[in-house]
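**Student:** give me the fold of what follows.
(chains A and B)
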2 protein chains.
Amino acid sequence: MSKATSTPASLEPLAIGIDIGGTGTKFGIVDRIGNVLFTGDLSTKKHKKIETFIEELHDKLSALIATVGGAGRIRGIGVGAPNGNFYTGTIEYAPNLPWKGIVPLAQLIQDKFQLPTNLTNDANAAAIGEMMYGAAQGMKDFIMITLGTGVGSGIVANGHLILGHDGFAGELGHTIIIPDGRFHEGTGKHGSLESYASATGVMLTAKEVLAKTKDKSLLRDIPLDEIDSRKVYDAAVQGDKIAKEIFDYTGKILGLALANFVMFSSPEAIILFGGLTKAGDLILKPTRENMEANLIQVFQNRVKILVSHLRESDAAILGASALVWEMP
Amino acid sequence: MSKATSTPASLEPLAIGIDIGGTGTKFGIVDRIGNVLFTGDLSTKKHKKIETFIEELHDKLSALIATVGGAGRIRGIGVGAPNGNFYTGTIEYAPNLPWKGIVPLAQLIQDKFQLPTNLTNDANAAAIGEMMYGAAQGMKDFIMITLGTGVGSGIVANGHLILGHDGFAGELGHTIIIPDGRFHEGTGKHGSLESYASATGVMLTAKEVLAKTKDKSLLRDIPLDEIDSRKVYDAAVQGDKIAKEIFDYTGKILGLALANFVMFSSPEAIILFGGLTKAGDLILKPTRENMEANLIQVFQNRVKILVSHLRESDAAILGASALVWEMP
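**Tutor:** Model prediction:
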């Protein structure tokens, strides 16, 4: 029997975290205490076929793997993806991804890389990242909401992710907040949170508000099809009334949705993450006010709304990589 | 050291379960395998003061306790009550109870009866009852919705009740389904599920629909202030078009709400319980259809809507009594 020896720091096992979004995919090599050592990215949406996506991912990641000393140092791969199912390792009917139906993603990656691979919902991965390394450290009950191109969510209760009976829990972006409201092209449903409180939603609200009034606005100087949430933000910080109204409206709907989520699982905090949070109090203030206004008394002034302080580029990678350390 | 001896059946320890509702309170003495041996009830709403409520409860329960051989055989008391908090043993700001503010109910009962007492939300208690003895046996992920005077809920995920960070999780009746919708007198909020999908809600919908149209209806033979959900049901089973429309509308809102709940915790089943479920397919059919219509594809045709088969008078008592067996 040989003596147990501690591995030298340079040879500590590492994990790969992959975050697949509707537009782009980010990946990184991460150590056990949450340092993101190397990162890279590729386009998701240009790959109509999953096979070419896996090819490009493999090409790019292989270079990083070589840098850290080869696949022998990699313990495994964790993947966060929209509609990713931890139980089955598949992506199923993801409205915002180019691949339709059921995609056996974990198996495809495992076969290509010859490394054990776990998959979960992208927002679940982000929630694990926040719990291990971010704003939710020490919390047993919180909800993570990602406000990007779409709206994702990860829910932790009693210290564990709520996965549901089939692994698909936590699709809060698709909950209906305004019955018969705005149409969502990806799902065919009306009035979901995502159709209002995402970057896409802000852009659509901007177009609606501009069409509805004749009021002056800096946004009128921008061609209608070039307006996005960033340009609305730029106008709002310059004091533009219409731009502020757009964020107020977004916060009204987001706040109402958050109130409903609070009355479901009574979290200690809601952690917001993603592009829209960069608007700061422009979005947070109306969100907080409208959340409180819709809560029954027992929940009022008890739930924190926090903005993730993890670097946006790192959080989802960290969360995805955390799946690796939980592998048997 | 004495030999371990099994207690004779007649002296097996028993539990008391108490279910406090807005109108009435039911209580019973229950054995470990879920037989409800003796039951009784009292009015909740006639007691403006908690002290007189406790007095009457004690008087009535003491008679039952004597019947089974005295307090020595009672292991403890479990209580289900609106806004009941398992962590603190208090009822806090319950909109449908006569006692305002924070009521230390578990302590008051424990002091009066000199028996260990646990308290939880009435619908949480019902959920535990379903999991131990009813339609949710063997399930790890389900949602219990009680459709009575109000709407209560208990949520089980990963095999455990979701209590939230402060014990108040699962107030789904107060989630806002129709923004700026019907006013709820108890909470001061607009458009909550409870203001539509409760017995009270059906009564209010009936009055609205009757006022809005001139169509003939059996309900027009009833004085407006005597219409209740039971009379709407009686008219509907006789084929009354307006009465059916009232249930369709109720099911539309309930179905939308259930879709949102499914997209939160992805349960294996939703268990419905309480007065409104007696309307059977009149309410269940539109509820199912509207739930499916509002679910994104990944959840469609996966979630069962079941009606509790426990006797209504027993379920909440059973659930409350189950809290006793979990006492240390």
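**Student:** burial measure for the closest residue to residue A:140 other than its chain neighbours, as a count.
**Tutor:** Distances taken as Cβ to Cβ, 6 or more residues apart in numbering or on different chains place residue A:159 nearest to residue A:140, at 4.2 Å, with adjacent residues excluded. All C-beta spots, glycine's among them, are computed from the backbone N, C-alpha and C. Look at residue A:159: counted by other Cβ atoms under 10 Å in any protein chain shown, it has 10 neighbours.
**Student:** my read is that residue A:159 contacts residue A:138, right?
**Tutor:** No - Residue A:159 is beyond contact range of residue A:138, at 10.2 Å (criterion: Cβ atoms under 8 Å).
**Student:** which parts of the strand or helix carrying residue A:110 are buried?
**Tutor:** Here residue A:110 sits within helix A:105-113, counting by DSSP states H and E. For helix A:105-113, burial by neighbour count (16 or more other Cβ atoms under 10 Å in any protein chain shown) applies to A:105-106, A:108-110, A:112-113.
**Student:** also stretch A:166-181?
**Tutor:** So stretch A:166-181, judged by 16+ other Cβ under 10 Å, has buried residues A:166-179, A:181.
**Student:** which of these are close to chain B?
**Tutor:** Filtering the buried residues of stretch A:166-181 for proximity to chain B (criterion: Cβ under 8 Å from any Cβ of the partner chain) leaves A:166-172, A:174-179.
**Student:** list the contacts of the residue lying closest to residue A:85 once chain neighbours are set aside.
**Tutor:** With sequence-adjacent residues excluded and distances taken as Cβ to Cβ, 6+ apart, residue A:85 is closest to residue A:167, at 4.0 Å. Counting by Cβ atoms under 8 Å, 6 or more residues apart in numbering or on different chains, residue A:167 makes contact with A:85-88, B:266.
**Student:** now residue A:167. Its backbone dihedrals?
**Tutor:** As for residue A:167, its main-chain torsions (degrees, to the nearest 10) stand at phi 90, psi 0.
**Student:** kindly export stretch A:14-27 (C-alpha atoms) in CSV.
**Tutor:** Extracted in CSV, the C-alpha atoms of stretch A:14-27 (Å, rounded to 0.1, in the frame of the first residue of the first chain):
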residue,chain,number,x,y,z
LEU,A,14,-9.9,21.1,-12.5
ALA,A,15,-13.5,21.3,-13.9
ILE,A,16,-14.9,22.6,-17.2
GLY,A,17,-18.0,24.8,-17.0
ILE,A,18,-20.0,25.5,-20.2
ASP,A,19,-22.8,28.0,-20.3
ILE,A,20,-25.1,27.7,-23.4
GLY,A,21,-27.2,30.7,-24.2
GLY,A,22,-29.5,31.5,-27.1
THR,A,23,-27.0,33.8,-28.7
GLY,A,24,-23.6,32.6,-27.5
THR,A,25,-21.9,29.9,-25.5
LYS,A,26,-19.2,30.6,-22.9
PHE,A,27,-16.9,28.0,-21.4
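**Student:** do that stretch and chain B meet at all?
**Tutor:** No - using Cβ under 8 Å from any Cβ, stretch A:14-27 never reaches chain B; the gap is at least 14.7 Å.
**Student:** pull the distance from that stretch to the chain's centre.
**Tutor:** Mean-position distance between stretch A:14-27 and its chain equals 11 Å (Cα atoms, centre = their mean, to the nearest Å).
**Student:** okay, now the spatially closest residue to residue A:166 that is not a sequence neighbour: neighbour count?
**Tutor:** Nearest residue to residue A:166, sequence neighbours excluded (Cβ to Cβ, 6+ apart): residue B:266, at 6.0 Å. Neighbour count of residue B:266, defined by other Cβ under 10 Å: 24.
**Student:** was I right about residue B:266 contacting residue A:165?
**Tutor:** Yes - with contact defined as Cβ under 8 Å, residue B:266 reaches residue A:165; the gap is 6.1 Å.
**Student:** anything in contact with each of these two?
**Tutor:** Jointly contacting residue B:266 and residue A:165 under the rule Cβ under 8 Å, 6+ apart are residue B:141.
**Student:** what's the offset of the one helix or strand in chain A whose mean pLDDT sits lowest from the middle of its chain?
**Tutor:** The weakest-scoring helix or strand in chain A, judged by mean pLDDT, DSSP states H and E, is helix A:312-325 (a mean of 87). Put simply, helix A:312-325 sits 11 Å off its chain's centre (Cα atoms, centre = their mean).
**Student:** can you give me phi and psi for residue A:237?
**Tutor:** Residue torsions, per degrees, to the nearest 10, at residue A:237 are phi -70, psi -20.
**Student:** now it: how far from residue A:244?
**Tutor:** 10 Å (Cβ to Cβ, to the nearest Å).
**Student:** okay, now the unreliable bits of chain A?
**Tutor:** Per-residue confidence for chain A (pLDDT under 70) gives these ranges: A:1-10, A:328.
**Student:** need the single longest helix in it, by residues.
**Tutor:** Longest helix in chain A, counting residues (DSSP state H): helix A:241-265.
**Student:** ok, then the element right after that one?
**Tutor:** Following helix A:241-265 toward the C-terminus (DSSP H and E): strand A:269-273.
**Student:** now that next one against helix A:312-325, angle please.
**Tutor:** 120 degrees (axes from the mean of the first three to the mean of the last three Cα atoms, to 10 degrees).
**Student:** direction included, what does strand A:269-273 pair up with?
**Tutor:** When pairing is defined by DSSP bridges, strand A:269-273 lines up against strand A:142-147 (parallel), strand A:304-307 (parallel).
**Student:** what residues go with each domain of chain A?
**Tutor:** Following automatic domain parsing, one finds the domains of chain A at A:12-129+A:313-325, A:139-308.
**Student:** now the end-to-end length of the shortest one.
**Tutor:** The first and final residues of domain A:12-129+A:313-325 sit 13 Å from each other (Cα to Cα, to the nearest Å).
**Student:** sorry, back to before: tell me which other helices or strands the least confident helix or strand of chain A touches.
**Tutor:** Here helix A:312-325 touches strand A:14-20, strand A:24-30, strand A:36-43, strand A:74-81, strand A:117-121, helix A:122-133, going by 3 or more Cβ pairs under 8 Å, 6 or more residues apart in numbering or on different chains; DSSP states H and E.
**Student:** helices of the stretch 151-300 of chain A, residue ranges please.
**Tutor:** According to DSSP state H, counting those that start in this stretch, the stretch 151-300 of chain A carries its helices in the segments A:199-212, A:229-237, A:241-265, A:281-294.
**Student:** and the longest one, does that touch chain B?
**Tutor:** Meaning helix A:241-265. Yes - applying Cβ under 8 Å from any Cβ, one finds helix A:241-265 touching chain B at A:256, A:259-261, A:263-265.
**Student:** from those residues, pick the one nearest residue B:271.
**Tutor:** residue A:264 (16.3 Å; Cβ to Cβ).
**Student:** show me what contacts that closest one?
**Tutor:** Counting by Cβ under 8 Å, 6+ apart, residue A:264 has contacts B:155, B:162, B:169-172, B:175, B:261, B:264-265.
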